[in-house]
Structures are given as structure tokens and as C-alpha cells.
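Colleague: Structure of the sequence below:
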Amino acid sequence: DQDIIGQDRTKIALSVAVYNHYKRIFCGKDDNGFSIRLESDTKYRIFNGDIEFLLPSGMWAFVKTLSFHSLDRMRIRYVLTASGVEDKDKLAAKFMTTRARELSPGVIRFDYREDDHPKFQKCAFDVGETLTFALGVRRACIAMYFENCRDVTVENVSVSRFVGMGLAAQLCSNVTVRAYSTKPFGNDRVTTTADDMMFTCCEGDILVEGCSVRDSQDDGCNVHGNYHVIESVAGCRVSLRAMHPEQRGFYPYRPGDGIDVISTNDCSVLYSAKVVGLVSRTASGEIGVVMLDRELPSEAIGMLVENTNLSPDVIVRNNTFVNVPHVRLSGRGKIFVQDNIFRKLSGGLLATDLIDYWYEYGRIGEMTVQDNLFEDTPNPFCSGVNRWRYGDESVPEIHGKLRMSGNRFRGNTGKIKVGGFKEVEIVE
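Modeller: Numbers count the residues shown, from 1 in each chain. Next up, the predicted model:
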């Protein structure tokens, strides 16, 4: 006030920024570990290198693994405390193996423990960087979640800061998302730390229209199903294993659903059958047992199972996707992508089957990509199967027909990479 006349809003913003800077600068890192300063209202306790946090419910949560997300840039890292024994190969990002201890109230130091795993990495965040974190590795935090719902409409909803996904629909029929938007809160540079929109094992029609999605740490929009691996067969009785920790306990099979048994070598369909019942699943959720209308041979063990009924028609039109990793669309129905803007996407528009790691099926029946703008997107369009390099001629042709027309490419935008389609039509 002594040196600047007026400009009250600017002075308030500057004061808050300076205060936050000095509040955060208290944290630090070195070759042996790093420290963080928690918000003042965070209740926690530390013992034997592990942390417990007090939840709003009044219960204490014992946490072995934290997922740290930057609000200043696209970066996620996992922190395993003293008892952290996660399957490290299944973690979606690099991690730090640590022991936690308190330096002073609200300031926690994480000392590195020896770890020769290739995904181990020392702290990749900068001193003063703003972080948010989730308890555990699963991305179960979802702002809007729908399961086993019909005729869902989400309209004129915005999300500014969320640790997890913005919207998820699972086993739903006919979902419309219109005028949904994400925009960073305040000075943040990140909105959601996982997918903005995810549709898993849905059917009917999915419409995504007039949305503005930006600055998420994962897919702007993701449509897929889930593979399971055949653990054992006993005639018509088949045991299935969920291969990724995120999918344990989820077995999307109903009486009357068709299934295909898929080869893990070349993605070809080996056998087809119908489900007549879901018998049981283990307490851990890793194994589910289904009954089929036919016997499977022992050669089916280790192969993948895909539900052929849960595959919707998808329309994505008049949306803007900015600064997200990619938009992934798949399914045996018809997929129509029109009049969208894809700007500053690192991975672009993906039409892929994720046969490894995530085990998300994405066999495409028919796809039209028309009148879209791809701007400053190094890989504007890629199709195929994730085990094979995009554009590789050896990609198995598991997809049906692709038609691309009227699309525009500007700025630092590379070439399209098409693979895996039996029929391709590309028009200038």
C-alpha cells in the first residue's frame, strides 16, 4: 500500500503467492531423501516409517503407498513407505521406496531405502512445487461415478481440481456427456490426476459433445473394455484372473453375454462361447469363475477373454482437448469422431487394443475420423495394438474399417500412424 496505488486485486494475489512460496520453500530434498510440508489441517501420525491419516469419517487410514501428483505440471510418482510391498511392475509410474519420519509438526521427511528396481527414482519434484496426493495406488477417487445405470446424462458440469478421475461410467447403457469442462483451479496447471472421462464395458450409445477438457494427467476420454486371463478350465467351468490391480473384483459377464477367447500371440479369436452364469469369485477379487455354454480345451489356459456384448457405439464431436496425454477410443461398435480440436496432446487420438499391462480390449468395428483439427500434437493419430509399434506393418489386423477425411494438421504436428485395420480409406 505504501508503494503501489490501487490495484488491490493484484496486491492480494501477489501477497498470497509470496506467502505460499515461503510456506513451501521450507521443504527440500537431497541425495538421501526429501521432505514435504502438509496443509495445516492435515491430521497424521507416524510410526516405524509408516504414516496414518485421519479421514473425515473419524477413522485412521494406515497407508503403505501414496501417489503424489504435481499441480504445477504433468507428473506423478508413487511413494512406498516402510511397509510398502506393492507389485512394483504393475505401478503405472516410477516410485520412491522410503521410510517416513517427522521433522517438525506438519513437515514429513522421506528417507530413501535401497531398491534396485528399474522403476525406482529419487524425488523428481522441485522444492516449492505444489503437490496433492492420494492414499494408495488405486485411482478409486472419482468425482462422478456411474455403475449399472441406464440413460445417463451429465451436462454443464465443471471440475477444477480433483485427485483421481473426473467422470467414470462402468457397465452402463446409453451415456451422454455434454458441455462438461475442466479448467485448472487458481494457479494450478493440472485439473484431474487420472482420466477426465472413462467408459468401461458399456453398451448402447455413448455421446461426448461440446466438452472442453484440458490439463489432465491421463486420457481426456477413454472408451474400452477389460480383458481377463483364463486361469484354469474344467469343462464349461472357467476361472478368470484380473491381471491389473485396478481391475480386481471386476468381472463384467452376465448370462447371455458372448465371449471371445483371444490369442496372446497374435490377437486372433480362438474360440467363441456364451456365458450362462457367474459362479463365484475369490475374496481378494483376483479370480472369478464363469460357466459357459460349451467346453473349452486346456489350450485356452493363459489366453484372454473379451465380452463381445459390452461394446457401445461412440460419438465424440465438437469437443476441445488441450494438453492431455491422449484420447483413446475403441470398441466393436461404430465410432464417429467429428469437429473436435486436439491441441498439444502428447499421444494424440489413439485407436488401440491394450493387450498388455492395462489389459483393456479395444477391437474396433468401424471408425470415422472427420473434420477435426490436430494442432501441435506430435502423434495426431495412432492405431494398432500396444504390443506392436504404431504403424508397424506386422501389427495384427484385428480392427475393421477406418475412414479419415477433412482433417486439418497445424503447428508441430507429425504424421498419422495407421496399423491393425483391415480396410483403410484416407481422404485429403
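Colleague: Could you list the low-confidence segments of this protein?
Modeller: The model of the chain has pLDDT under 70 over residues 1-27, 85-86, 136-140, 282-285, 390-391.
Colleague: Tell me where the stretch 101-250 of the chain has helices.
Modeller: Counting by DSSP state H, counting those that start in this stretch, one finds no helices in the stretch 101-250 of the chain.
Colleague: Who are the packing partners of the longest strand seen in the chain?
Modeller: Criterion DSSP state E: the longest strand present in the chain is strand 269-281. Judged by 3 or more CB pairs under 8 Å, 6 or more residues apart in numbering; DSSP states H and E, strand 269-281 is in contact with strand 258-262, strand 287-292. Every C-beta, even on glycine, is put in place using the N, C-alpha and C of the backbone.
Colleague: wait, which of those is closest to Ile108?
Modeller: strand 287-292 (37.6 Å; CB to CB).
Colleague: how much does that closest one deviate in direction from strand 258-262?
Modeller: Strand 287-292 and strand 258-262 are oriented at 120 degrees to each other (axes from the mean of the first three to the mean of the last three CA atoms, to 10 degrees).
Colleague: returning to what we had before: can you list the strands that the longest strand of the chain pairs with?
Modeller: Using DSSP bridges, the strands paired with strand 269-281 are strand 258-262 (antiparallel), strand 287-292 (antiparallel).
Colleague: so what's the backbone phi/psi at the nearest residue to Asn156 once chain neighbours are set aside?
Modeller: Leaving aside its chain neighbours, Asn156 sits nearest to Ala179 (4.8 Å; criterion: CB to CB, 6 or more residues apart in numbering). Per-residue torsions, Ala179: phi 60, psi 30 (degrees, to the nearest 10).
Colleague: Identify the residues contacting Ala179.
Modeller: When contacts are counted by CB atoms under 8 Å, 6 or more residues apart in numbering, Ala179 touches 155-157, 209-211.
Colleague: ok, now Arg113?
Modeller: 82, 97-99.
Colleague: Now the longest strand of the chain: buried residues?
Modeller: 271, 273, 275-276, 278, 281 (16 or more other CB atoms under 10 Å).
Colleague: And for Met74, nearest residue in space, chain neighbours not counted?
Modeller: Closest to Met74 by CB to CB, 6+ apart is Gln217, at 5.4 Å.
Colleague: Any idea how many residues pack against the one you found?
Modeller: Neighbourhood size, Gln217 [other CB atoms under 10 Å]: 20.
Colleague: The one 5 residues further on now?
Modeller: Each residue near Asn222 was counted by other CB under 10 Å, and the total is 24.
Colleague: Now for it: which residues touch it?
Modeller: Going by CB under 8 Å, 6+ apart, Asn222 touches 195, 197-199, 327-329.
Colleague: now with 10 Å?
Modeller: 165, 168, 194-200, 326-330, 350, 358, 360, 362 (CB atoms under 10 Å, 6 or more residues apart in numbering).
Colleague: same check, this time on Pro255
Modeller: Neighbouring residues of Pro255 by CB under 10 Å, 6+ apart: 274-278, 290-291, 293.
Colleague: And Arg73, by the same measure?
Modeller: Residues counted as contacts of Arg73 (CB under 10 Å, 6+ apart) are 125-126, 129-130, 189-190, 215, 217.
Colleague: rerun that using 7 Å as the cut-off
Modeller: Taking CB atoms under 7 Å, 6 or more residues apart in numbering as the contact definition, Arg73 lies against Arg189.
Colleague: what helix or strand is Gly400 on?
Modeller: Assigned by DSSP states H and E, Gly400 belongs to strand 399-405.
Colleague: picking up where we left off before, which one of the helices and strands packed on strand 269-281 lies nearest to Asn226?
Modeller: strand 287-292 (11.2 Å).
Colleague: which other residues reach that closest one?
Modeller: Strand 287-292 has contacts (CB under 7 Å, 6+ apart) with 231, 236-241, 251, 253, 273-281.
Colleague: again with stretch 256-263
Modeller: 269-275, 296, 300, 303-309.
Colleague: Give me the neighbour count for Gln114.
Modeller: Careful, residue 114 is Glu; it's not Gln. A count of nearby residues for Glu114, using other CB under 10 Å, gives 6.
Colleague: Identify the residue nearest it in space, chain neighbours excluded?
Modeller: Thr97 (7.7 Å).
Colleague: what about that neighbour, distance to Arg113?
Modeller: 5 Å (CB to CB, to the nearest Å).
Colleague: Report whether the expected contact of Pro378 with Gly414 is present.
Modeller: Yes - counting by CB atoms under 7 Å, Pro378 does reach Gly414; the two are 4.8 Å apart.
Colleague: returning to that earlier point: farthest pair in the contacts of Ala179?
Modeller: Across the contacts of Ala179, the longest distance by CB to CB is 13.4 Å; it joins Val157 and Glu209.
Colleague: Thr65 - how many residues pack around it?
Modeller: By other CB under 10 Å, the residues close to Thr65 number 19.
Colleague: quick one: it and Lys119, what's the gap?
Modeller: Distance, Thr65 to Lys119, by CB to CB: 13 Å.
Colleague: Now Asn32: phi and psi?
Modeller: Dihedral pair for Asn32: phi -100, psi -10, per degrees, to the nearest 10.
Colleague: Arg408 - nearest residue in space that isn't next to it in sequence?
Modeller: Counting by CB to CB, 6+ apart, Leu373 is the residue found nearest to Arg408 once chain neighbours are left out, at 4.9 Å.
Colleague: That neighbour: neighbour count?
Modeller: For Leu373, the neighbour count with other CB under 10 Å is 17.
Colleague: And it, how far from Thr413?
Modeller: Using CB to CB, Leu373 is found at 10 Å from Thr413.
Colleague: what does Phe120 give?
Modeller: According to CB to CB, Phe120 stands 35 Å off from Thr413.
Colleague: of these two, who's got more company?
Modeller: Neighbour totals were compared for Phe120 and Thr413, and Thr413 leads with 20 against 16 (other CB under 10 Å).
Colleague: hang on, isn't Pro312 packed against Val208?
Modeller: No - in this structure Pro312 lies outside contact range of Val208 using CB under 7 Å: 11.4 Å.
Colleague: which of these two has more neighbours?
Modeller: Using other CB under 10 Å as the criterion, Pro312 and Val208 rank with Val208 on top: 28 against 25.
Colleague: Count the neighbours of Gly58 for me.
Modeller: Residues lying near Gly58 (other CB under 10 Å) number 6.
Colleague: Now it: phi and psi?
Modeller: Dihedral angles of Gly58 (phi, psi; degrees, to the nearest 10) stand at phi 90, psi 0.
Colleague: where's it relative to Pro297, distance?
Modeller: Separation of Gly58 from Pro297 (CB to CB): 54 Å.
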